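K.L.:
okay, here's the prediction I keep looking at, along with the sequence it came from:
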Amino acid sequence: MKIITAEEVKARTDAGEKLNIIDVREPYENAEFNIGGNLVPLGQIQSMQIDDLESFKNEELIMYCRSGNRSG
């Protein structure tokens, strides 16, 4: 797993790169503020089966939360 800064994400999106951004916070947190991407709360990810995640195995996923504890 690689750590990426908010500045790096912004630079890459500003350059037109399509990123797979996943917000692992709760819906109420996402409603307060979000940077786009998909909302998939951590509890939902933890309950997914391996088959559900297979399509992402060769993809870079950028996951974020409020503090870094849930996304790390």
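P.N.:
Cool, the structure landed. Since we're looking at a predicted model, the values are computed, not measured. Numbers count the residues shown, from 1 in each chain.

K.L.:
any regions of the chain where pLDDT drops low?
P.N.:
Counting by pLDDT under 70, the chain contains low-confidence ranges at 50-53, 69, 72.

K.L.:
how about a cut-off of 80?
P.N.:
Low-confidence regions of the chain, defined by pLDDT under 80, span residues 1, 45-57, 66-72.

K.L.:
show me where it has its helices.
P.N.:
When assigned using DSSP state H, the helices of the chain occupy the ranges 6-14, 27-32, 42-46, 50-53.

K.L.:
TSV for the ones you listed, including distance to residue 59 and mean neighbour count?
P.N.:
In this view, the C-beta of every residue, glycine as well, is placed from N, C-alpha and C. As requested, the helices of the chain are arranged in TSV below (distance: least, Cβ to Cβ, whole Å; neighbours: other Cβ atoms under 10 Å):
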stretch	distance to residue 59	mean neighbour count
helix 6-14	14	12
helix 27-32	21	11
helix 42-46	14	12
helix 50-53	10	9
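
K.L.:
and those: which comes nearest residue 64?
P.N.:
The closest of these to residue 64 is helix 6-14. By Cβ to Cβ, the value is 8.1 Å.

K.L.:
CA atoms only: put that closest one into CSV for me.
P.N.:
As requested, C-alpha coordinates have been extracted for helix 6-14 and formatted as CSV (Å, rounded to 0.1, in the frame of the first residue of the first chain):
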residue,chain,number,x,y,z
ALA,A,6,-4.2,15.3,-1.2
GLU,A,7,-1.9,17.5,-3.2
GLU,A,8,-0.8,14.5,-5.4
VAL,A,9,-4.4,13.5,-6.0
LYS,A,10,-5.3,17.1,-7.0
ALA,A,11,-2.3,17.3,-9.3
ARG,A,12,-3.3,14.1,-11.0
THR,A,13,-6.9,15.0,-11.4
ASP,A,14,-6.0,18.5,-12.6
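
K.L.:
fine by me, thanks again.
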